[in-house]
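structure of the sequence below:
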Amino acid sequence: MPRSAPQDPVLAGNKKAFHNYTVVEKFEAGIQLAGTEVKSCRDRAVQLGEGYVKIENDQALLYNVHIAVYGFGNRFNHEVKRPRRLLLHKREILKLAQTINTKGGALIPLKMYLKNGLVKLEIAYCIGKSHADQRETLRKREADMAIKRNLGKRD
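Residues are numbered from 1 along each chain as shown. Coordinates of the predicted model:
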């Protein structure tokens with residue numbers, strides 16, 4: 001009997017990524033987790049803010065993501081910030097490695113979510129924004145909000 005779908009499948013998001021980086025291309029990856037890590041993820045005890053992906057020895061590894069210790073895990077608990085292997089096809093890993101080596105940029109985790117009962121990670125190839133670009137993005141967002149407010153008052 002399949003499990004019922006959760007109301008909100010998104011377990012964690014990385015809002016900082018959209019502020020600091022321009023997202024060029026997104027990828028979906030599985031993630032290799034221990035049992036207590038999965039339970040902590042389902043409790044939404046995940047922080048993606050400082051995370052990044054590195055490609056080493058033809059494997060994609062996720063670094064600096066904090067998955068809290070599971071409360072009932074006792075001696076079987078996991079390390080909080082250990083490197084975790086991402087599950088991607090070989091051709092996807094090679095494509096990402098080639099893109100990073102030629103163009104620069106970074107691989108940043110955007111969100112962690114559930115899909116068919118499995119924990120998935122959305123990663124993106126990103127290029128860093130300068131401070132001027134960040135300010136321009138904020139100005140544009142504020143202008144859009146002002147326009148929406150003014151349109152709402154007319155009705």
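
M145: neighbouring residues, count only.
10 (other CB atoms under 10 Å). All C-beta spots, glycine's among them, are computed from the backbone N, C-alpha and C.

secondary structure class of it, three-state.
State at M145, reduced to three classes by DSSP: H, G, I helix; E, B strand; the rest coil: helix.

V65 against S40, yeah?
No - counting by CB atoms under 8 Å, V65 stays clear of S40, with 11.4 Å between them.

need the residues touching each of the two.
With contacts taken as CB atoms under 8 Å, 6 or more residues apart in numbering, V65 and S40 have V46 as neighbours in common.

what about the chain, any weak spots by pLDDT?
Where the chain drops to pLDDT under 70, the residues are 1-7, 154-155.

what about the helices in it?
15-20, 35-42, 90-103, 131-154 (DSSP state H).

now, of the ones you listed, which is deepest in the fold?
helix 35-42 (a mean of 19; mean count of other CB atoms under 10 Å).

which other helices and strands contact that helix?
Here helix 35-42 touches strand 10-13, strand 66-67, going by 3 or more CB pairs under 8 Å, 6 or more residues apart in numbering; DSSP states H and E.

mind checking those strands for the one nearest to Y52?
Set against Y52 and scored by CB to CB, the helices and strands packed on helix 35-42 come closest in strand 66-67, at 12.9 Å.

show me the contact partners of the closest one.
Contacts of strand 66-67 (CB under 8 Å, 6+ apart): L33, E37, S40, C41, A45, V46, Q47, E50, H78, V80, K81.

against A132, how distant is the closest residue to the fifth one other than its chain neighbours?
Going back to what we said before, that points to A45. Nearest residue to A45 in three dimensions, chain neighbours excluded: A68, at 3.6 Å (CB to CB, 6 or more residues apart in numbering). Remark: distance between A68 and A132 (CB to CB, to the nearest Å) = 37 Å.
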